[in-house]
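Student: need a 3D model of the following:
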Amino acid sequence: MKRMNRTVRVLVGLATAATALGGLAAPSASAATPQVTAGCYGASCHGMDPVDAGCSADAYTVESRDSAEGTIELRYSPSCRANWARIYDASNGQQFWAENASRVVWWKAIGSTGYSDMVDGSGKVRACIDGGACTDWH
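Tutor: This is a model prediction of the structure:
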């Protein structure tokens, strides 16, 4: 048998190892949902973008209210313990906000939709649309 040079032996070894381990690297269809990695928590989320901070991944709508100015939603992320306002069916530039007992974050719709930065969700929070409706305090 001819002797392989070192480079060829290494390449053959790597290819064999990659083939053998290939099935181990691929996630199965029944793999658990990955855990949300948030970039902030509670008060440290104030003024941060919920998408950029990773908080939108597990967020849900706590309440929504319709008005002539649009629909306002109060959103909440359990992993970040933070809230924000989201608006749709609004006029371009429509102002809306999220607030807790000590802070308010104002925002303007771009087109007919938008979402605000976050406020600490440790206490009561609500979302409002200027000239329209507010959600209840949650």
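
Student: now stretch 75-94, how far from the centre of its chain.
Tutor: 11 Å (C-alpha atoms, centre = their mean, to the nearest Å).

Student: distance between the ends of that stretch?
Tutor: Stretch 75-94 has an end-to-end distance of 18 Å (criterion: C-alpha to C-alpha, to the nearest Å).

Student: now do the buried residues in that stretch.
Tutor: Using 16 or more other C-beta atoms under 10 Å as the test for burial, stretch 75-94 gives 75-77, 79-87, 90, 94. Placement of C-beta: from N, CA and C, glycine included.

Student: now, the most widely separated pair of the residues you listed?
Tutor: Spatial extent of those (C-beta to C-beta) is set by the pair S79 and Q94 at 29.0 Å.

Student: follow-up on the earlier one: so which of the buried residues of stretch 75-94 sit within strands?
Tutor: Among these, the ones falling in strands (DSSP state E) are R75, Y76, S77, A82, N83, W84, A85, R86, I87.

Student: from those residues, which is closest to S44?
Tutor: When those are compared against S44 (criterion: C-beta to C-beta), the nearest one is A82, at 8.8 Å.

Student: does the closest one have beta-bridge partners, and which?
Tutor: A82 has these beta-bridge partners by DSSP bridges: S77, D120.

Student: right, and it touches C55 too?
Tutor: Yes. Using C-beta atoms under 8 Å, A82 is in contact with C55, at 5.8 Å.

Student: what sits in contact with each of those two?
Tutor: C40, C45, M48, M118 (C-beta atoms under 8 Å, 6 or more residues apart in numbering).

Student: can you pull the pLDDT of the third one?
Tutor: The model reports M48 with a pLDDT of 97.

Student: could you report the neighbour count for it?
Tutor: If you count neighbours by other C-beta atoms under 10 Å, M48 ends up with 20.

Student: wasn't it part of a strand?
Tutor: No. Applying DSSP: H, G, I helix; E, B strand; the rest coil, one finds M48 to be coil, outside a strand.

Student: as a markdown table, the buried residues of stretch 75-94 with distance to C128 would be great.
Tutor: Output for the buried residues of stretch 75-94, formatted as a markdown table (distance: C-beta to C-beta, whole Å):
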| residue | distance to C128 |
| --- | --- |
| R75 | 13 |
| Y76 | 16 |
| S77 | 19 |
| S79 | 25 |
| C80 | 21 |
| R81 | 21 |
| A82 | 17 |
| N83 | 12 |
| W84 | 12 |
| A85 | 7 |
| R86 | 12 |
| I87 | 10 |
| A90 | 12 |
| Q94 | 11 |
